[in-house]
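# A structural model of the following input is requested.
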Amino acid sequence: MAERRSKEKEGPYAVEMVKITKRFLDVLANDRVSFSVTSGEIHALLGENGAGKTTLMNILYGLYQADEGEIYIRGKRVSIRSPRDAMQLGIGMVHQHFKLVATNTIAENIALGLQLGDLRTAVKFPWLFQNPLPDVERRIKELSERYGLRIDSRSRIWQLSLGEQQRVEIFKALFRGVDVLILDEPTAVLTPKEAEELFRTLRTMASEGHAVIFITHKLDEVVRISDRVTVLRNGRVVASLRTSETDKKQLARLMIGREVLFRLEKERVQAGTPVLEVRELEALNDKGLPALRGVSLKVCSGEILGIAGVAGNGQKELVEVVTGLRKATGGEVRILEKEVTNLSPRSVAKQGVAHIPEERIRVGVVPSMKVSENLMLRNYRTHEFTRGPFLDAGFINEHSRRLVGEYNVQTPSVNTPVKLLSGGNIQRLILAREMSGDPKLIIAAHPTYGLDVGATEQIRQLLLRQRKKGVAVLLVSEDIEEIMSLSDRIAVMFEGRIIGEMPAEEASIEAIGMMMAGMKP
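Numbering: from 1, shown residues only. Got it, this is the predicted structure:
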């Protein structure tokens with residue numbers, strides 16, 4: 001085949017995918033995509049949300065089967081019908097959403113799914129009925145020292161941070177002796193320190209001859225960690241380059257087809273009267289333990305208050321109490337001087353509150369419903385959407401098409417189920433629905449989480465436009481750069497409290513980072 005390189009010249013690739021095509025109903029996810037990775041290489045797979053990156057790798061891992069195309073492992077054509085087939089071929093994958101049993105220990109999670117032969121090979125225990133966990137734990141310790149991944153094999157998954165859970169997924173792959181490791185948006189849940197530790201581990205793996213495929217939309221990471229980069233756009237390969245021969249500006253243009261503003265201009269806006277006031281707020285987390293410990297803050301019209309902090313320090317509970325999704329155990333929440341503490345989410349929304357939730361799939365949309373149905377969830381009870389006792393289908397479709405165009409939601413039609421859209425387009429859909437109600441207050445929790453550079457730019461500009469219109473914005477994010485570029489004031493949460501607050505123009509990454517670690521300014 002002409003596209004395949006001569007084995008005599010370079011030898012077979014660790015993985016080569018040739019002219020892969022995959023369709024989901026009327027969505028063409030991969031269009032004749034060719035991709036390869038060599039041993040000892042970190043290869044970045046870059047593209048916008050919905051470009052087809054994860055679909056392509058899910059095909060390689062056996063979760064999907066291609067409609068057309070061929071896969072070669074070290075020069076031999078293979079058929080991968082399941083993840084077990086992939087693992088037997090030496091392919092492992094760390095998914096964006098981890099596949100772990102929360103109540104089990106790390107060692108138990110790693111042992112799950114391993115057949116007896118796998119365990120004997122991995123830990124060399126000799127007897128059929130011998131408890132394998134001590135040997136599994138010993139092997140974990142060896143891998144931990146080898147790759148610099150700190151881990152306690154007896155900890156239970158629910159006790160771990162997201163960064164630690166990701167390490168468990170990597171250990172699961174290493175334990176099985178993978179030659180090819182796929183990581184899907186691996187830094188999306190990591191702090192800067194955890195991301196640096198991951199990069200060191202990947203470099204060690206590559207130096208030992210592993211092939212690493214790094215799915216991402218973050219240009220900084222591509223330039224920093226990868227040897228080669230393949231760019232996908234609209235399901236097609238638009239370029240495959242040596243990273244040393246390109247830069248962020250070119251990659252952004254290849255990825256989204258236009259120039260990208262890496263630095264947003266934030267106009268000076270005079271803050272008005274308080275829209276949101278939180279006073280001595282207290283609440284419990286899902287385990288019944290204190291999550292908010294006397295939080296007080298206010299957000300004024302025409303102002304963005306950024307809340308920074310490492311995940312798990314009360315930000316999630318703060319957003320849920322303010323929006324009515326969680327009960328407060330003390331304190332009060334006032335919106336436009338009206339107390340709304342412990343009112344229902346619908347009652348809070350009626351006060352002019354728009355909510356961009358952290359968990360867009362679980363909380364933000366109903367995946368099985370159509371785009372048009374999700375766009376009317378906020379307002380379907382109003383007279384505009386009804387004709388007598390029935391919904392007005394004509395108005396709903398017209399309304400949906402207008403919002404889809406205005407917010408650049410990429411969808412085959414307004415009748416497409418939301419579950420077929422990419423994460424970035426689901427986020428645009430949520431923004432379209434929430435912003436269309438002329439809000440007075442926007443609660444934005446991680447609004448650009450997991451989104452590509454183009455979608456991130458669009459959403460940040462939208463929040464700044466709302467600020468200019470006089471809307472108050474409470475922005476929760478773990479992205480320090482995002483917090484600093486968008487906010488007028490910055491507050492940092494640590495262990496359920498506001499540990500410090502400062503004007504954005506006086507803030508530095510070092511000062512915010514120190515507060516995120518619990519050191520008061």
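# from Ala491, how far out is Pro503?
As defined by Cβ to Cβ, to the nearest Å, Pro503 lies at a distance of 11 Å from Ala491. No exception for glycine: its C-beta is placed from N, CA and C like everyone else's.
# the two: which is more packed in?
With neighbours defined as other Cβ atoms under 10 Å, Pro503 and Ala491 compare such that Ala491 has more, 21 against 10.
# bridging residues for the more buried one?
Beta bridges link Ala491 to Ile307, Glu501 when assigned by DSSP bridges.
# over to Phe214?
Beta bridges link Phe214 to Ala44, Leu183 when assigned by DSSP bridges.
# now the helices: where do they sit in the stretch 51-200 of the chain?
Taking DSSP state H, counting those that start in this stretch, the helices of the stretch 51-200 of the chain run over residues 53-60, 83-88, 106-111, 116-123, 133-147, 162-175, 192-207.
# ok, the stretch 401-521 of the chain next?
In the stretch 401-521 of the chain, the helices defined using DSSP H, counting those that start in this stretch lie at 423-435, 453-468, 480-486, 509-516.
# and the helices of the stretch 51-200 of the chain: which comes nearest Asp247?
If you check each of the helices of the stretch 51-200 of the chain against Asp247 by Cβ to Cβ, helix 192-207 wins as the nearest, at 19.1 Å.
# for the record, mean pLDDT for that closest one?
For helix 192-207, mean pLDDT is 86.
# got it, and stretch 65-82?
Here stretch 65-82 scores 95 as its mean pLDDT.
# tell me the buried residues in it?
Buried residues in stretch 65-82, counting neighbours by 16 or more other Cβ atoms under 10 Å, are found at 66, 69-74, 78, 80.
# likewise stretch 500-520?
For stretch 500-520, burial by neighbour count (16+ other Cβ under 10 Å) applies to 500-502, 504, 507, 511-516.
# now do stretch 399-418
399-400, 403-404, 407, 409-411, 414, 416-418.
# state the distance from Ser485 to Met369.
Ser485 sits 34 Å away from Met369, going by Cβ to Cβ.
# neighbours of Asn109, just the number please.
Neighbours of Asn109 under the rule other Cβ under 10 Å: 23.
# what about the residue lying closest to it once chain neighbours are set aside, distance to Met87?
Nearest residue to Asn109, sequence neighbours excluded (Cβ to Cβ, 6 or more residues apart in numbering): Leu100, at 5.3 Å. Here the criterion is Cβ to Cβ. By it, Leu100 lies 16 Å from Met87.
# next: Glu277.
When Cβ to Cβ is the yardstick, Glu277 and Met87 sit 54 Å from each other.
# and these two? which has more neighbours close in?
Taking other Cβ under 10 Å, Glu277 and Met87 do not tie; Met87 has more neighbours (22 against 17).
# give the contact list for the more buried one.
176, 178 (Cβ atoms under 8 Å, 6 or more residues apart in numbering).
# Glu16 pairs with what?
Under DSSP bridges, the beta-bridge partners of Glu16 are Ser36, Tyr72.
# look up how far Ile73 lies from it.
Relative to Ile73, Glu16 is positioned 8 Å away (Cβ to Cβ).
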